[in-house]
Structure formats: C-alpha cells, structure tokens
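[1] Model the structure of this input:
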Amino acid sequence: MNAPSPHGVRVRALLTGVAVPYSRPGKRSAIAKTPRAGKVYIGPLGLEGDEQADTRVHGGVDKAVHHYPFDHYAAWRAEVGESPVLAEPGAFGENISTTGMDESNVCLGDRWTLGEAVLEVSQGRQPCWKLNDRFCVPDMARRVQDTGRTGWYYRVLQAGAASAGDEIALMERPFPEWPLSRLMRLLAERVLDAGRLQEALELPLVPSWRKLLERRLASGRVEDWKKRIEGRPAG
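    Predicted structure coming up:
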C-alpha cells in the first residue's frame, strides 16, 4: 500500500448541504452537497453550514466530515451512465473531494491536516438506500458497499478553517496495516472468521462498529442489511 504524498494532495472542493424533503414521503436528506467558495470553518460536528436530516445515523463527532474520492467518479459513470449528479463533486454527499486518495491508501486512525484543522479517520462509510434514490439505480447502495468505493468519515481533532485548493497532508499513521479497504472487506464479504474479526477488534473502532463485529463473533451470523441498503425492514 502506498500512501498519497503528504505534499501533493489538494482538495478539489469543500461541500455542504441543507436538509430538504427527499424522495419518499416524510423523508428528508442533505445528501445533495454543493461546493463552497472561500474559507469554511470545520468544527467538532463538521463544516459550518452543513446539515444532517437524521442525526441518529448521520453526523456526530465520529461522522463529522465525509470524504469521497473524485477518483471513483469515472468508474461510476462507466457503470451507471452519465448521470447528471456525477458531473461534479457532491454526488455521494461528501464534504471533501480529492484526487489521489482512496480506501486503499487511507488507513483507520490516520491524522491529516487540512488548512487550520486536524482530522482523524474514524470509520468507513456504510452506504444507505438514499443513494439508490439519488442515482435512480435500485441497488446503488449495495454496489457502493460491494465495490469498496465507499468513502470515509473523520472526527475533528482540531477545529479551524480550510478552503478548496488547500493541501491535505498526512501527519500520523498509527495503523499502516489497516487501510480502509481491508476493514470494509470485513463488512462487504460478510466475514465470520473468528481470527479476522478478533484482529479487527484490537483497533480503536467506533462503538457501532465494535458492537457489529462483537455480535458477529458471538453469534456466528451476519447482520441483515435490508433496512439500511434497501430502505425496508429487515427479515
């Protein structure tokens, strides 16, 4: 695994969005993000002016900032066609768009500087059904999970302002053997191997991920994804 150069990855866009009525009755979402000009303050709960419609599953200190590689857009255009939402960054609800960083060269626990802010990689993204509706592709969320082109989240260790065009630079990498691609495969491949699960549980996982892997280890079963991925009850 090769890390991106700490002196060569520049942010294409910083993006925010507001919660609005979405595709299904009673649902709201801020998945549609648009680029911000000038300096944007990044606080403990994310970019100033950004919103989350359902804070039970979105936002919070461990999902303060969402990063999605613009590198993946070409592959998605090849798979789902020239969707208007794939013309510019923001298709996946990301707050940060870059070229040169992806799940294979970003590790859990990485600390990155961006402008005045310091960000720590907290977890990969588990896609939900809202991507299906956004792209008008019934299994888009499952495709995102299965391909590993998920993006990831940061917690904010140091608040501060940043701008599009700023460099995002690697400060510290405590777990170089754990690129996000490896961790996300545990989920997507529905891994039940006790050794692999136990190894992952040695990491500083967010509580929801720790609970998920502990449940797999104890029960010998994988979770039902229908509610998250398809937007309908499990069972």
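[2] So Ser23, which state does it fall into?
    Assigned with DSSP: H, G, I helix; E, B strand; the rest coil, Ser23 falls in the coil class.
[3] who touches the closest residue to it other than its chain neighbours in this structure?
    Excluding the flanking residues, the one nearest Ser23 by C-beta to C-beta, 6 or more residues apart in numbering is Asp133, at 3.9 Å. From N, CA and C alone the C-beta is placed, and that goes for glycine too. Applying C-beta atoms under 8 Å, 6 or more residues apart in numbering to Asp133 gives the contacts Tyr22, Ser23, Arg24.
[4] so how many other residues sit close to Asp71?
    Using other C-beta atoms under 10 Å, Asp71 is surrounded by 14 other residues.
[5] Asp102 versus that one, what's the distance?
    For Asp71, the distance to Asp102 under the criterion C-beta to C-beta, to the nearest Å works out to 6 Å.
[6] can you check Arg36 too?
    Here the criterion is C-beta to C-beta. By it, Arg36 lies 23 Å from Asp102.
[7] The two: which is more packed in?
    Neighbours per residue (other C-beta under 10 Å) separate Arg36 from Asp102, with Asp102 holding more: 23 against 19.
[8] Just give the nearest non-adjacent residue to that one, would you?
    Closest residue to Asp102 in three dimensions, ignoring its sequence neighbours and counting by C-beta to C-beta, 6+ apart: Pro69, at 4.5 Å.
[9] Per-residue confidence, that neighbour, what does it come out as?
    The predicted local confidence for Pro69 comes out at a pLDDT of 97.
[10] One more: Gly235?
    The score at Gly235 is 47. That number is its pLDDT.
[11] Could you do Trp178 as well?
    Residue-level confidence at Trp178 comes out at 97, pLDDT.
[12] How about the most centrally placed residue in the chain: what's its closest non-neighbour residue?
    Taking C-alpha atoms, centre = their mean as the criterion, Trp152 is the residue nearest the geometric centre of the chain, at 2.7 Å. Nearest residue to Trp152 in three dimensions, chain neighbours excluded: Gly124, at 5.0 Å (C-beta to C-beta, 6+ apart).
[13] and the gap between the one you found and Val144?
    Counting by C-beta to C-beta, the gap from Gly124 to Val144 is 11 Å.
[14] Could you do Arg125 as well?
    Using C-beta to C-beta, we find Arg125 at a distance of 8 Å from Val144.
[15] who's more crowded, the two?
    The residue with the greater number of neighbours, taking Arg125 and Val144 and applying other C-beta under 10 Å, is Val144; the counts read 25 against 22.
[16] Quick check: phi and psi at the closest residue to Glu172 other than its chain neighbours.
    In this structure, Glu172 finds its nearest non-sequential neighbour in Arg111, 4.3 Å apart by C-beta to C-beta, 6+ apart. With angles defined as degrees, to the nearest 10, Arg111 sits at phi -110, psi 130.
[17] Please work out how many residues are found near Arg111.
    For Arg111, the count of nearby residues is 17 (other C-beta under 10 Å).
[18] Show the contacting residues for it.
    By C-beta under 8 Å, 6+ apart, Arg111 lies in contact with Val118, Leu119, Glu120, Val121, Leu157, Leu170, Met171, Glu172, Arg173.
[19] Can you lay out the residues you listed as CSV showing distance to Val85, pLDDT and neighbour count?
    Putting those into CSV (distance: C-beta to C-beta, whole Å; pLDDT from 0 to 100; neighbours: other C-beta atoms under 10 Å) gives the following:
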residue, distance to Val85, pLDDT, neighbour count
Val118, 31, 98, 19
Leu119, 25, 98, 24
Glu120, 29, 98, 22
Val121, 25, 98, 21
Leu157, 31, 98, 14
Leu170, 30, 96, 19
Met171, 33, 96, 13
Glu172, 34, 96, 11
Arg173, 33, 97, 17
